[in-house]
Structure formats: structure tokens, C-alpha cells
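**Q** generate coordinates for the sequence data below:
(one chain, ligands or ions: 1)
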Amino acid sequence: MSILKEGLPVALCSDHAGYELKEQLKQYLCDHGIPYKDFGTYDSTSCDYPDFAHLCAAAMERHECYPGIAMCGTGNGIAMTLNKHQAIRAALCWQPDIVRLAREHNDANILVMPARFITVEEAKVMVDTFLDTPFEGGRHQRRIDKIPNLKR
Ligand code: RB5
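**A** The predicted structure follows:
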């Protein structure tokens, strides 16, 4: 079962450390007929991951894209940035079981991967898992409802 939403492209973003993996995943999505929107970066020149992560998260908050896939060297910086957005649940994942649980339990809407620590083939398996795993709901819905910062 796919989590893709009719008419909405997958949002992609990375910094320079994730650029090559992002390019490989764009081809992979294209090969599977999955539309995407790339929020950058657009080459391997050194750059700052928040510049692209905020654009990606904001587009998802405007319901222009769903879901998202992001990567930087470790995945940490881009995940930290994405998760500043109230509507975003970005999950840093490095193997398929963690991806599956991020969907089933956390309804993760952005898959974040550590580009310098995984292979392209491992990333493709994680993307498949992410796109094919539904949220379980139930007690997990109650828990994710408590995540937003209510003081804002
Ligand atoms: C870039 O060198 C690296 O710091 C970045 O990709 C990421 O790992 C930060 O969290």
C-alpha cells in the first residue's frame, strides 16, 4: 500500500553531502513513475542544509508535496532543521526496519537518510519501505498528537 497522495509530488532535499544520493534517488523515482519536486541543493558545492530543508518543509506544510525524502552526510542536521516545522515528523533512518517502524508508529512524513553511511542500494530499499508502509494509528495516533509544541 502506497502512502503517495494523488497529484502530490514527493519532496526532496539535501546538502552537498547528500547531493549524489539525491540524484540517484531522483532517477529511481522517475523509473517508477513517481513525481517529485527537488528543493536543492543542485550541485556538490559545499552549502548549508537548512537553506534547503526549510524550503522542503514549508512546501509540505502548504500541502504542495507529500511525503518527503531528505539526506545530508549524517542525516542529523537536515532532520533537526526539518523537525523545527510543526507539521513535520522527519525520521532519521539507516535500515529498513527503522523505516518501517517510523511509518507504522510515528507516521513519519519525511524519510531522512545519512548519505555518507549507506549505499545507494540500501537507500532504495529504505525508500520502498517508506512509501509502502501505512501508519498503524490507534495508540500511536494519540502519541503523535502530543508531539507539537502547544506553547506556540
Ligand atoms: C556536511 O559536511 C555535514 O556536516 C552535513 O552533511 C551533515 O552531516 C550535518 O549534520
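
**Q** C-alpha only now, for contacts and for neighbours.
**A** OK.

**Q** which positions in this structure make contact with the ligand?
**A** If contact is defined as Cα under 6 Å from any ligand atom, the residues of the chain in contact with the ligand are 15, 17, 72-77.

**Q** by neighbours, which of these wins?
**A** Within the residues of the chain next to the ligand, most neighbours by other Cα atoms under 10 Å means D15, with 30 neighbours.

**Q** list the contacts for that residue?
**A** The contact partners of D15, taken as Cα atoms under 8 Å, 6 or more residues apart in numbering, are 40-41, 44, 46-49, 52, 71-73.

**Q** can you do 10 Å?
**A** Residues in contact with D15 (Cα atoms under 10 Å, 6 or more residues apart in numbering) are 22, 40-53, 70-73, 75, 77-78, 115.

**Q** one more: K22?
**A** If you count contacts by Cα under 10 Å, 6+ apart, K22 has them with 12-16, 28, 38, 40-42, 69-72, 115, 120, 123.

**Q** just these: which are in strands?
**A** 12-14, 38, 69-72 (DSSP state E).
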